[in-house]
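*Asks:* Using only what follows, build the 3D model:
(2 chains)
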Amino acid sequence: MTMVRLSELAMGQQGIIEDMDAEEPFRQRLQALGFRVGKEVRPIRQALFGGPLQVRVGSVNVMLRRNDAALIHVWAEC
Amino acid sequence: MLKRIALLGMPNTGKSTFFNRLTGASARIGNWPGVTVDLLSAKILLGAEMVEVVDLPGLYDLHGFAEDEQVVRRFLQNNPVDLLCLILNATQIDQQLPLTLQLCRLGLPAVAVLNMADEAERLGIRFDTEALAAGLGCPVCHVSAKYGQGFPETRDTLRRVLSQSPSTDLQALRADFAADDALIAEAEKLLARSVTIPPVLEYGLTERLDRIVLHPLFGIPLFLLALFLLFQAVYTLGGPLQDGMTWLLTEFRDLALAPLQAILPGWLYGLLVEGLYDGLGTVASFVPIIVLFFLGMALVEDSGYLSRIAFLMDALMAKLGLDGRGFVMLLMGFGCNVPALMGTRVMRSRGLRLLTMLIIPFSLCSARLQVFVFLTTALFSPAQAPVVLFALYVLSFLTAFATALLFKNRIGAAAEPLLIELPPYRLPTLGQVALRAWREVYHFLSRASRFIIAGVVMIWLLTHLPPSAAVGGPDTLAGLFGGWLEPLLRPIGIDQRMAVVLLFGFVAKEIVLGAMAVVYGLEGDALAQLMTQQMDWVQAFSFMLFTLLYTPCLSTVATLRGESRSLAFTGFSIAWSLALAWLVSLVFYQGARLLGF
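*Replies:* As a prediction, this is how the structure comes out:
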């Protein structure tokens, strides 16, 4: 397993959250929606023109922008 | 003293559905100490006792910084609550438990309600209710808020816990808002102990729908198509209903009101029937269209589609210095600009918020819609009318976008992190949609009637005073105002009488049609007939462009002022919309005339 940023995962590729660089209050919002160390995340799709990512974490689907997703470090599954 | 139950839960848990089913449609909007927003509450009979149920905003984290989360905290700190009713989405229980534990730790009597229990069961989620109740320290009920299963038991549990609840100690509660770090670890443990979740949880239908709705290429065209179909449906279904309403109003006038002419003095009959009744009647004939429109909006809002639109449009909006939420606010503005402006509170960056507030007034609200429906029906063929109407919606977007593009650097909208949940699609029940639409229409009508009655009477007076002048003529007060404005409005094809109408449109667009009825002394079909003689389609479109773009109404201005807390920004917003309205109308009118139309 290699450590990458969430924004670098391929669509459908699973990762396990290792660390989040996000500052408060964004960090708190991430946590409230289920982003925590050790949780599995999976980008599902990306919107056109470099738009946001749809990411699944647990049973929840969220959208977040690529630059914000880059704040989340994950262990990529091969 | 009246006991109080507070409903709490995350967004998309069906909390409002639960509230509606628990309380019936008796809810009132009220003000609460310490809280600046309106909350829905209702008094219901529980057992032998009347209790008050308050629907608090959805929250993700009791200690969060989002506006809604602060509202909940302030409410709990300032208003004694005897029972917390915690609504959980049973299909997303893993995400919801930390908040539930937070709320249970407040030390208030609580009942946890697992909503969508039926759906969770189908997904293979099994609950050990006793373990869950023991871990949470409160009773747990299963319901389906949408279909009403489990409600008698839930009512009973609420009544039982409430009868045992001691009076609330607000001091202790305030102290309790301090520490909660171990909660998340505890939630994980409790989850492992009491809930079994299959490893892969698939929302089959949502997944399949998203594959189409969020498709990289077809997503946006599909959205535009859906929008067009929605308005087409409102227009085709609403037309005949509107005709029926007009017929009813005219019949009533002829049968019941016309005989009054013999009894009442001439001026009073004029004021009451030709002023008030005709003015109100012209607006009232649009109620069916407004109802249909809000039904459509409620359907879109409750289905979970709005956050998908934010997803689709975010990249485009980012280029304009905004984000996907800004686009959703524009859509909300189709109903009414005022709540859309208040919705920008979720944005933390002031620049981003101001820029979004600057473009929302260009959103074609339902009050403007009725003016456009009236004029397009009068001046265009049945085949052209919906296209003209759609063109106005497109223009509404284009001017909003152009405004953002022009001012994004000046206002300095700094991007902020964006995180939006994409909830599973839900098909709202007919009752849910109807209830929502009813609330919106009620709001529209109460607002409209307030403005219209005063406005229509004012206009009648202006067009009839001084008594020596010919009615509606150049010597009346209205003629005088119109005369002043004429040099400014002549180049965009608007005559002196329509200038008076625009003057009143500044107060509220709901008045515009009533004002026309009074200014021309006609209503309904007769007024539409006259309009075709008074102006050609170029003038009418120029008038509509101006109506679309200039300041929507005084309520919007007041909201802009209140939300921005800046007089300079509010003044700028008004000046810019007036300037843009005039320029766009000028370019269109003179351009069309040059081309020989």
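*Asks:* end-to-end on stretch B:23-39?
*Replies:* End-to-end span of stretch B:23-39 (Cα to Cα, to the nearest Å): 14 Å.
*Asks:* Give me the neighbour count for B:Arg253.
*Replies:* Using other Cβ atoms under 10 Å in any protein chain shown, B:Arg253 is surrounded by 17 other residues. Glycine gets a C-beta too; all of them are placed from N, C-alpha and C.
*Asks:* Could you report the separation of it from chain A?
*Replies:* According to Cβ to the nearest Cβ, to the nearest Å, B:Arg253 and chain A sit 53 Å apart.
*Asks:* What separation is there between the closest residue in space to that residue that isn't next to it in sequence and B:Val512?
*Replies:* Nearest non-adjacent residue to B:Arg253, counting by Cβ to Cβ, 6 or more residues apart in numbering or on different chains: B:Tyr277, 6.4 Å away. As judged by Cβ to Cβ, to the nearest Å, B:Tyr277 and B:Val512 stand 17 Å apart.
*Asks:* who's more crowded, these two?
*Replies:* Neighbour tally, B:Tyr277 and B:Val512, criterion other Cβ under 10 Å: the higher count belongs to B:Val512, 28 against 20.
*Asks:* Before we move on, what's the pLDDT of that one?
*Replies:* On pLDDT, B:Val512 comes in at 85.
*Asks:* where does it fall, helix, sheet strand or coil?
*Replies:* Going by DSSP: H, G, I helix; E, B strand; the rest coil, the secondary structure assigned to B:Val512 is helix.
*Asks:* ok, now which ones touch it?
*Replies:* If a contact means Cβ atoms under 8 Å, 6 or more residues apart in numbering or on different chains, then B:Val512 has B:371, B:501-502, B:504-505, B:547 as its contacts.
*Asks:* Just give me the closest of those to B:Phe397.
*Replies:* When these are compared for distance to B:Phe397 (Cβ to Cβ), B:Thr547 wins out at 16.4 Å.
*Asks:* how close does the residue in chain A sticking out farthest from the centre get to chain B?
*Replies:* Most distant from the centre of chain A: A:Phe49, at 19.1 Å, with distances by Cα atoms, centre = their mean. To chain B, A:Phe49 is 4 Å away according to Cβ to the nearest Cβ.
*Asks:* And for the lowest-mean-pLDDT helix or strand in chain A, what's in contact with it?
*Replies:* Using mean pLDDT, DSSP states H and E, the weakest-scoring helix or strand in chain A turns out to be helix A:26-32, at a mean of 83. If you take Cβ under 8 Å, 6+ apart as the criterion, helix A:26-32 is touched by A:20, A:22, A:68, A:71-72, B:60-61, B:63-66, B:98-99, B:184, B:417, B:419.
*Asks:* 7 Å instead, please
*Replies:* Helix A:26-32 is contacted by residues A:20, A:22, B:60-61, B:64-65, B:417, B:419 when judged by Cβ atoms under 7 Å, 6 or more residues apart in numbering or on different chains.
*Asks:* Select from those residues the one having the most neighbours.
*Replies:* Comparing the contacts of helix A:26-32 by number of neighbours (other Cβ under 10 Å), B:Tyr60 comes first, having 22 neighbours.
*Asks:* contacting residues around that residue?
*Replies:* The contact partners of B:Tyr60, by Cβ under 7 Å, 6+ apart, come to A:29, A:32-33, B:10, B:99.
*Asks:* give me the number of residues near the closest residue to B:Cys336 other than its chain neighbours?
*Replies:* Nearest non-adjacent residue to B:Cys336, counting by Cβ to Cβ, 6+ apart: B:Cys365, 5.4 Å away. Taking other Cβ under 10 Å as the criterion, the count of residues near B:Cys365 is 26.
*Asks:* And B:Leu554, by the same measure?
*Replies:* B:Leu554: 12 neighbours (other Cβ under 10 Å).
*Asks:* Once you drop chain neighbours, what's closest to it?
*Replies:* Once flanking residues are discounted, B:Leu554 sits nearest to B:Val507: 5.4 Å by Cβ to Cβ, 6+ apart.
*Asks:* Quick check: which element contains B:Leu530?
*Replies:* Assessed by DSSP states H and E, B:Leu530 sits inside helix B:524-534.
*Asks:* Which parts of the stretch 401-550 of chain B are strands?
*Replies:* B:419-421 (DSSP state E, counting those that start in this stretch).
*Asks:* residues from it in reach of chain A?
*Replies:* B:417-422 (Cβ under 7 Å from any Cβ of the partner chain).
*Asks:* Rebuild the residues you listed as TSV, extending it with distance to B:Gly483 and pLDDT.
*Replies:* Formatted as TSV, those follow (distance: Cβ to Cβ, whole Å; pLDDT from 0 to 100):
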residue	distance to B:Gly483	pLDDT
B:Pro417	55	86
B:Leu418	52	87
B:Leu419	56	88
B:Ile420	52	88
B:Glu421	56	87
B:Leu422	56	88
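*Asks:* that older thread, filter the contacts of helix A:26-32 down to the ones in strands?
*Replies:* Those of these mapping onto strands are A:20, B:419, per DSSP state E.
*Asks:* any idea which of the contacts of helix A:26-32 is least confident?
*Replies:* B:Phe65 (63).
*Asks:* And for stretch B:260-267, what's in contact with it?
*Replies:* Contacting residues not belonging to stretch B:260-267 are listed as B:269, B:273 [Cβ under 7 Å, 6+ apart].
*Asks:* measure that stretch end to end?
*Replies:* 12 Å.
*Asks:* Only the buried residues of it, if you could.
*Replies:* Buried residues in stretch B:260-267, counting neighbours by 16 or more other Cβ atoms under 10 Å in any protein chain shown, are absent.
*Asks:* Centre of the chain to it, how far?
*Replies:* 42 Å (Cα atoms, centre = their mean, to the nearest Å).
*Asks:* Also stretch B:127-142?
*Replies:* The chain centroid and the centroid of stretch B:127-142 are separated by 37 Å under Cα atoms, centre = their mean.
*Asks:* now that stretch: mean pLDDT?
*Replies:* On average, stretch B:127-142 scores 91.
*Asks:* Great, nothing more from me.
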